[in-house]
Structures are given as C-alpha cells and as structure tokens.
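S.K.: The following block contains a protein sequence and its predicted model.
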Amino acid sequence: MSQSQKAKEQFSFNEKLMPQPEMLEERKSKRSLFIGIPKETNPYESRIMLTPQAVKQLTEDGHQIAIESNAGIKSRWNDEDYVSAGAIIKTRKEIFNSEIVIKVSPFEEDEIKLLTGNQLIISALHFNTQSLKKIKLLKEKKITAVGIELMKDDENYNPFVQTMNEIAGILAINTANEYLSNPVLGKGILLGGITGIPAAKVIIIGAGTAGEYAARTAIGLGAQVKVFDNSVSKLQNLKSKLGIQLFTSVLQKQVIANTLKTADVLIGALDDTKDENNIIISKKMISSMKKGSVIIDLNTDSASCFATSDITHFGNPAFEIHGIIHYCVPNMASKAPRTASVALSNSIFPILQKISHEKNTSNIIRSITEIRNGTYIYEGILTNERIAKKFNIDYRDIELLSSFY
C-alpha cells in the first residue's frame, strides 16, 4: 500500500472519530422539559394525558414530570404508580408553574389564573364551551395554547381525534342500547332483536371514524344500520371496510326525514367542521321519530348536526324532547377512562419528544406540524379564525405569524 493510500485511510478513520455535524446538532437541540399534569377539576372527566409507562420513558430521557396528587386515580393509577415511574408529586400551584402544562379538559378560568405566563399548554379546546373571558386571560398571559382536536400532521391525520372517535363510536351504541332497553325511559327493546323479533333500526349521520365504529358495534349486536354522509368516498370506504350490504346515502333531507320516522336510534357522528352551526336534522324531523327513540350526539362540543342538542354531562347525561331521549355528553370517551387515557398518552408522547428537540416556542411552532395546526393562541396572539368569528375579535394567521418569529 502506498504512503498516499495509508494517509487517506488514516484521515478517513480520524474523520469518523470526529463528532459529525448532524450528531452535534441533535445533542445541541435536545433539552430537558418541565411538564406539569394537574388533576382534572371537571368531576365528569376521568382521563389523564400521560400513563405511568409514558412518564417512565420521559423521565429516563431526562425530562421532569410534575403531577398533582390523585391526578390518575379515576383511570386506576395511583400516586405510587407515577412516583415509581419517576414523576414528582407537587402542589397545584407548582404544577401550573411548569414550562408545559397538559390536561384533558379545556383550561378553566381559575386554572388560567394559576398559569405564570409565557407557557405552552395542551388540552382539548371544546369550541362550544369556550368563553371570551378565557380567551382574553390566555392572551394577557401570552400563553401558547394548543387544542388536541386541532393537531393534524402533514398527512391531515389527528391521532387524538382518531382514537377518541373510535372509543366514542363504540360507546355511543352501548349507551343507546342501555337507554333503548330501559322500560321507563326507552322502548324496552333490544338493539339487536331475537328470533322472530326484528332488530332495532340505527341511523348514523357521518361516515368518519366515529360513524364507522358505531356502525361496526351496531352491526355486531345485530341492528339494522343506515349511514348518511355528504362524502361519497367515505361511504364507499365504509362499505368496503365492513364488507357487508350496508345501506348508505348522501345527506338528502327528504330521505333522512322518511328514514327517521321508523328509526329507533340516531347517532350524530359527522367529522368536525369549521362551521359553528351545522344543523342537518331539524326539530320537525326529530319530532317525527317514535317516542322512546334515542339520540346520541357525539359532536355537541364542536358542531352539532341536531337542532335539539344541548351539552350535558355524566352527572345528568340525558334529557327528553318530543318524547325522544337525547344524550349529549361531549367527552363520551371518558366512560372508558383507562382505555382512553392509554390512547391519549400514546398520542401525546411522541409530540413531547419532538418538542424536546426544539429550543423555544417559535421553533416548536415552525418545526412541529401538529403543534402549529393545533395552536389557537400563539404567545398571546389569537390564531384561530373560528374563535375570532365567534367572539368578533382579531386574529393572525399562524403560518404567517410563525414565519416572522
């Protein structure tokens, strides 16, 4: 081997030993996060954003997790589970002093007041429950607020909505079955029927994820199912997935009106829209339904398609109009808190890992698509058009705003 070849090999070997630019940048960009998880004050919210397993991985990666005592108790995780995973039990005030505060329910006024300012908060937005006062408080504290139902990636996929809709779709049918079979409130009939007795008729408005899982569950119980949606491709996809002769139709009012007259269960499961009002089923159409029928609205917190819907909670989940039972609990998935919490944790965990690679909020917004799409307030500046229209206030486009920071 020539001297020049030996020199080249030695140079190549030494070069490999030197820190590479990509490795230096990776080490440089990683930082320790201080994440706070408060206990939910909503008595009807049983979920938690991080499981002990996720907390263990995050703390092993060098992050600090502060959790309020009994925050996970409704999902069947106690304080010891979280302490063993590396979390620290802290006071409520200390939790809200964290760099990042994550919770399931929207932040309430008293919780926003506990925030110290210039923080990143992640929770559900629940558009229909937002108030101008809460928005103003967040703006005053220059908070960056992210709504989990808005967090779509580059492929327009939202893991939070996807998994919660899967759970909600299943629970919607189970809940409808409970009320339908109730001899006092409902008709005292089974959803699926038995030999010699016809099955109940289930109408589902929406062929998205929630509609799909509602249809799967209803069909599994033996019900007759009809699905309506304005997207022909979604209807075709649903029929292909279920692999059966499923009745589907676009949203034609006359067809729906005729169908509702013989329906036993009506499920509202349209994918969320940007419109505040998305009424498809009028009061007149609902009044034509048989007494004792059941309506389950899965979109009451965002864009209900029923004229008679009104937000309820697990303490008093149902009400009656025209002899029709209405069940309008927005956080339906919380009826299965353990399953729902694992799903939420699986969704937020990779997002937190991505955040740890960014130096500051502006970098987080620019680099992480899910956070950028989910942000409705950026360092005190409203960036959500729908909220701006609701309260008649100014907003800035997040794409333009982030490009200047």
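M.R.: Alright, I've got the coordinates.

S.K.: what about Asn360, neighbour count?
M.R.: With neighbours defined by other CB atoms under 10 Å, the count for Asn360 comes to 9. Yep, even glycine has a C-beta here, placed from its N, CA and C like the rest.

S.K.: can you offset everything so residue one is 59?
M.R.: Got it, the first residue is 59 from now on, which makes the last one we talked about Asn418.

S.K.: So for it, what's the pLDDT?
M.R.: Predicted confidence (pLDDT) for Asn418: 92.

S.K.: Just the buried residues of stretch 353-371, please?
M.R.: Buried residues in stretch 353-371, counted by 16 or more other CB atoms under 10 Å: 353-364, 366-367, 370.

S.K.: Just those: which are in strands?
M.R.: With DSSP state E as the criterion, strands contain Ile353, Ile354, Asp355 from among the buried residues of stretch 353-371.

S.K.: of the buried residues of stretch 353-371, closest to Ile277?
M.R.: The closest of the buried residues of stretch 353-371 to Ile277 turns out to be Ile354 (CB to CB; 16.1 Å).

S.K.: show me what contacts that closest one?
M.R.: Ala230, Thr233, Ala234, Val323, Leu324, Ile325, Gly326, Tyr385 (CB atoms under 8 Å, 6 or more residues apart in numbering).

S.K.: Ile383 too?
M.R.: Taking CB under 8 Å, 6+ apart as the criterion, Ile383 is in contact with Tyr237, Leu243, Gly244, Gly350, Ser351, Val352, Ile353, Ala376, Phe377.

S.K.: mind redoing it with 6 Å?
M.R.: Ile383 sits next to Tyr237, Leu243, Val352, Ala376 when contact means CB atoms under 6 Å, 6 or more residues apart in numbering.

S.K.: Lowest-confidence member of those, which is it?
M.R.: The member of the contacts of Ile383 with the lowest pLDDT is Leu243, at 83.

S.K.: Assign a three-state SS to it, would you?
M.R.: In three-state terms, and counting by DSSP: H, G, I helix; E, B strand; the rest coil, Leu243 is coil.

S.K.: Repeat that for the one 4 residues further on.
M.R.: Reducing the assignment at Ile247 to three states with three-state DSSP gives coil.

S.K.: How many neighbouring residues does it have?
M.R.: Burial of Ile247 is recorded as 18 neighbouring residues (other CB under 10 Å).

S.K.: what does the one 3 residues further on give?
M.R.: By other CB under 10 Å, the residues close to Gly250 number 17.

S.K.: Including secondary structure and neighbour count, could the contacts of Ile354 go into TSV?
M.R.: Rendered in TSV, the data for those read as follows (DSSP: H, G, I helix; E, B strand; the rest coil; neighbours: other CB atoms under 10 Å):
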residue	secondary structure	neighbour count
Ala230	helix	31
Thr233	helix	21
Ala234	helix	29
Val323	strand	28
Leu324	strand	27
Ile325	strand	29
Gly326	strand	27
Tyr385	strand	22
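
S.K.: and which of these is nearest Ile261?
M.R.: Relative to Ile261, and with distances defined as CB to CB, the nearest of these is Leu324, at 4.9 Å.

S.K.: That closest one touches Ile261, doesn't it?
M.R.: Yes: with contacts defined as CB atoms under 6 Å, Leu324 counts as touching Ile261 at a distance of 4.9 Å.

S.K.: Out of the ones in strands among the buried residues of stretch 353-371, which is nearest to Ile338?
M.R.: Using CB to CB as the measure, the one of these that approaches Ile338 most closely is Asp355, at 11.6 Å.

S.K.: residue contacts, the closest one?
M.R.: With the criterion set at CB under 6 Å, 6+ apart, Asp355 makes contact with Gly326, Ser362, Phe364, Ser367, Cys386.

S.K.: and the last one, what pLDDT?
M.R.: What the model reports for Cys386 is a pLDDT of 96.

S.K.: Tell me which residues touch it, please.
M.R.: Applying CB under 6 Å, 6+ apart, the residues contacting Cys386 are Asp355, Thr358, Ser367, Asp368, Ile369, Thr370.

S.K.: Check the first one too.
M.R.: Contacts were defined as CB under 6 Å, 6+ apart; by that measure Gly326 touches Ile263, Asp355, Leu356, Asn357, Cys363, Phe364.

S.K.: do the same with the second one
M.R.: Shown here is Ser362, whose contacts under the criterion CB under 6 Å, 6+ apart are Asp355.

S.K.: Okay then, goodbye and thanks.
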